[in-house]
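Asker: Next one to model:
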Amino acid sequence: MAEFCKQFNEASENLYEKGTPVGVKLSAFSDRTFKFDVRSPPTSYLILKAAGMEKGPAQPSPERASGYITPEAVYEIAKMKQKDEMRWHLPLEGVAKSVVGTARSMGVRVREAQDDADAEEEKK
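Answerer: Residues are numbered from 1 along each chain as shown. Next up is the predicted model:
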């Protein structure tokens with residue numbers, strides 16, 4: 001167990017900033033050896049971070065958005081998620097659509113950055 005922790009810390013040290021949750025695929029063998037793969041953070045975590053939110057809403061509403069992310073943020077998240085073992089063969093557009101769907105289910109909408117200024121003016 002201690003050896004896994006040591007190797008995991010070494011492998012994940014430069015991948016993401018400290019405190020970022022990541023997935024790990026761990027294979028343990030009968031001769032007490034192991035192999036592991038560090039995966040990307042959960043899509044929901046990346047969306048909340050891009051939206052500048054600490055936590056998602058308890059009850060997401062389809063009518064009212066609780067946060068916004070830009071198409072560029074969707075693209076960056078999709079590029080990161082496409083590197084995962086199960087998604088390497090999927091086109092980037094398909095992964096991006098999955099990210100948008102996850103954001104929508106969390107109450108986060110996708111819109112251009114310039115729309116932020118327009119939305120602020122509408123509130124006034």
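
Asker: which residues in the protein form strands?
Answerer: Secondary structure of the chain by DSSP state E: the strands cover 24-28, 34-38, 67-69, 108-110.

Asker: got those strands as a markdown table, with mean neighbour count and mean pLDDT columns?
Answerer: Backbone N, C-alpha and C define where each C-beta goes, glycine included. Below are the strands of the chain laid out as a markdown table (neighbours: other CB atoms under 10 Å; pLDDT from 0 to 100):
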| stretch | mean neighbour count | mean pLDDT |
| --- | --- | --- |
| strand 24-28 | 11 | 89 |
| strand 34-38 | 13 | 89 |
| strand 67-69 | 21 | 92 |
| strand 108-110 | 20 | 91 |
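
Asker: of those strands, which approaches Gly94 most closely?
Answerer: Ranking those by proximity to Gly94 (CB to CB) places strand 108-110 first, at 15.7 Å.

Asker: which other helices and strands contact the closest one?
Answerer: Secondary-structure packing of strand 108-110 (3 or more CB pairs under 8 Å, 6 or more residues apart in numbering; DSSP states H and E): helix 43-51, strand 67-69, helix 92-105.

Asker: Other residues contacting the longest one?
Answerer: Translated: helix 92-105. Residues outside helix 92-105 that contact it (CB atoms under 8 Å, 6 or more residues apart in numbering): 43-44, 47, 60, 69, 74-75, 77-79, 81-82, 87, 109-110.

Asker: Tell me the buried residues in that helix?
Answerer: Neighbour counts over helix 92-105 (16 or more other CB atoms under 10 Å) mark Val95, Ala96, Ser98, Val99, Val100, Thr102, Ala103 as buried.

Asker: Can you tell me which of the strands of the chain is nearest to Asn9?
Answerer: Ranking the strands of the chain by proximity to Asn9 (CB to CB) places strand 34-38 first, at 10.6 Å.

Asker: That closest one to strand 24-28, inter-axis angle?
Answerer: Strand 34-38 and strand 24-28 are oriented at 170 degrees to each other (axes from the mean of the first three to the mean of the last three CA atoms, to 10 degrees).

Asker: With only the CA atoms kept, save strand 34-38 in PDB.
Answerer: What follows is strand 34-38, C-alpha atoms only, in PDB (Å, rounded to 0.1, in the frame of the first residue of the first chain):
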ATOM      1  CA  PHE A  34       0.400  -3.700  -9.300                       C
ATOM      2  CA  LYS A  35      -0.200  -1.500 -12.300                       C
ATOM      3  CA  PHE A  36      -2.200   1.700 -12.300                       C
ATOM      4  CA  ASP A  37      -3.300   4.400 -14.800                       C
ATOM      5  CA  VAL A  38      -4.200   7.900 -13.700                       C
END
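
Asker: All set, thanks.
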